[in-house]
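>>> Below is the structure, and that's it, no one-letter string:
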C-alpha cells in the first residue's frame, strides 16, 4: 500500500515544462493537483511566458505549496526538462506536459507499480489521444513486457513521453536528457536506460494526450526523423550487435527519413526484423503473453514496412501485409488502410 499523505520530502517530483500553453494550462495543472496521490511536488519550468501564463502560475503557486516555478531563460525543451530533473527531490520523476491531462489516479497507480517492481527503471502507460477541445480521437497502445519493449525500441519509440515515471537515481546516472538527441530526447533516454534497467508500460490509459498543430513532434518532423535513425541504430547495437552493417544502416536511414526504399533495402529490413525476433525467442524463455506481444509488435512493424513498399512493388507490399496478418490477426483492420494507400497510388 502506497502512502499518499503530503510530507516535506515528496516521493514524487512531477516535471512540467511550459511554453505557449495558455489555452490548456489550467486543466493540466489541475489534473496533477487533484491526484489521489498527494505526496508530490510539481516543478513547472516556464520559458518565454506571456502575461497570462505568469498570472495563471502566480495564482497556483500561492494556493498550493507543492508547486515550484522556475522561469527558464534558456530556450529549448531539453534544457527545461533537465532543469526540472536536476531540481527534483523525489525518488520518482513523473513527466507531464502543459497541454495534456493526467487521469486522477495516474500517479497512485504508477507509484504502486514501481514500488512493486524494483527491477523497472522507467514505466509508461497507454494513452488516449484527444483534440484541442478534449474530444476523443484514438487510442495509442504500447507493449508491456520489458523484453518486447527492448526489442521494439530497435524500430520505434514504444514508451509515450507524457506518461512516463522514472527512478531519479537511474535517470541521473544516465545524465537525464541529451542535447544531441534533439526532438528525440525521450526515445534516446529510453534506449540508454534499456542497457542498465528494465522498461515497462502499465496496460491501461493514465494520460490523455492532446494532439494539435503546435505539438513539437509535428512542428519538427523532418529533424526528428533524421535523429531517429541514430537512436534506432544505437538500440540495435545495444540489443543485437556491436556494429551495424552499412547496408542495414542505409536501409534504416531511408526507411526513417524519406521512405524511398529500394526493393533490396525492403528485403534487408524484412530479414532483419525476422532474424531479430527469432533471436529474442531463442535467447529467452518467453511466456505465452510475451510471445503474443512480440507477434503484435512485429506485425505492426512489418505493416509499416509494407506501407513504404507499395510504390516500389505492389506484389512485395501485398506479401508483407499478409505476412503481418498471419503473424498477428489483430493487425487485420490495418488492411483497409493499405487498400486506401494502394488506391491512391494506383490513381496517380
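The structure has been received and is ready for your questions. Everything numeric in this text was worked out from a predicted model, so none of it was measured.
>>> where in the stretch 201-348 of the chain is pLDDT low?
Residue ranges of the stretch 201-348 of the chain with pLDDT under 70: 213-220, 242, 334-348.
>>> redo that, cut-off 80
The stretch 201-348 of the chain contains residues with pLDDT under 80 at 212-222, 238-243, 258, 310-311, 333-348.
>>> Packing partners of the strand ranked longest in the chain?
If you go by DSSP state E, the chain has its longest strand at strand 198-210. Applying 3 or more Cβ pairs under 8 Å, 6 or more residues apart in numbering; DSSP states H and E, one finds that strand 198-210 contacts strand 101-102, helix 106-116, strand 120-130, helix 146-152. (C-beta placed from N, C-alpha, C; glycine too.)
>>> Check the offset of it from the chain's centre.
9 Å (Cα atoms, centre = their mean, to the nearest Å).
>>> tell me what the helix or strand containing residue 172 is packed against?
Residue 172 is located in helix 168-173, with elements delineated by DSSP states H and E. Using 3+ Cβ pairs under 8 Å, 6+ apart as the contact test, the elements touching helix 168-173 are helix 77-87, strand 92-95, strand 120-130, helix 185-193.
>>> which residues does residue 328 contact?
292, 295, 296, 298, 299 (Cβ atoms under 8 Å, 6 or more residues apart in numbering).
>>> Go ahead and build a ChimeraX selection from the buried members of those residues.
In ChimeraX, a selection of the buried entries from these looks like this (16 or more other Cβ atoms under 10 Å):
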select :295,296,298,299
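>>> Of the contacts of residue 328, which is the nearest to residue 127?
Using Cβ to Cβ, residue 296 is the member of those that lies nearest residue 127, at 16.8 Å.
>>> Surely the closest one is in contact with residue 330?
Yes. In terms of Cβ atoms under 8 Å, residue 296 counts as a neighbour of residue 330; the distance is 5.7 Å.
>>> need the next SSE after the helix or strand harbouring residue 232, C-terminal direction.
Element membership for residue 232, per DSSP H and E: helix 221-239. Under the assignment DSSP H and E, the closest C-terminal helix or strand after helix 221-239 is helix 246-257.
>>> Packing partners of the following helix or strand past that following helix?
Once the chain leaves helix 246-257, the next helix or strand it forms, by DSSP H and E, is helix 263-283. Secondary-structure packing of helix 263-283 (3+ Cβ pairs under 8 Å, 6+ apart): helix 146-152, helix 246-257, helix 288-307, helix 314-327.
>>> buried set for the third one?
Okay, so that is helix 288-307. Those would be 290, 293-307, for helix 288-307 by 16+ other Cβ under 10 Å.
>>> give the contact list for residue 67.
29, 33, 41, 42, 44, 57, 60, 61.
>>> Against residue 14, how distant is the first one?
Going back to what we said before, that points to residue 29. 10 Å (Cβ to Cβ, to the nearest Å).
>>> Comparing those two, which residue is more hemmed in?
Legend: neighbour count by other Cβ atoms under 10 Å for residue 29 and residue 14, higher for residue 14 (27 against 23).
>>> Can you report phi and psi for that one?
Main-chain dihedrals, residue 14, degrees, to the nearest 10: phi -90, psi 120.
>>> quick one: pLDDT of it?
On pLDDT, residue 14 comes in at 98.
>>> so it bridges to which residues?
For residue 14, the beta-bridge assignment (DSSP bridges) gives partners residue 42, residue 94.
>>> so it makes contact with residue 39?
No. With contact defined as Cβ under 8 Å, residue 14 does not reach residue 39; the gap is 11.3 Å.
>>> For residue 20, find the nearest of the helices and strands packed on helix 168-173.
That would be, of the helices and strands packed on helix 168-173 and by Cβ to Cβ, helix 77-87, which comes in at 11.6 Å.
>>> Name the residues of the closest one that come out as buried.
For helix 77-87, by 16+ other Cβ under 10 Å, it's 77, 78, 79, 80, 81, 82, 83, 84, 85.
>>> which helices and strands does it pack with?
Under the contact definition 3+ Cβ pairs under 8 Å, 6+ apart, helix 77-87 sits against strand 12-18, strand 40-47, strand 67-72, helix 168-173, helix 185-193.
>>> what's the least confident stretch among the ones you listed?
Of all the helices and strands packed on helix 77-87, the minimum mean pLDDT falls on strand 67-72 (a mean of 93).
>>> That strand: which residues count as buried?
67, 68, 69, 70, 72.
>>> and what of stretch 271-287?
272, 273, 276, 277, 280, 286.
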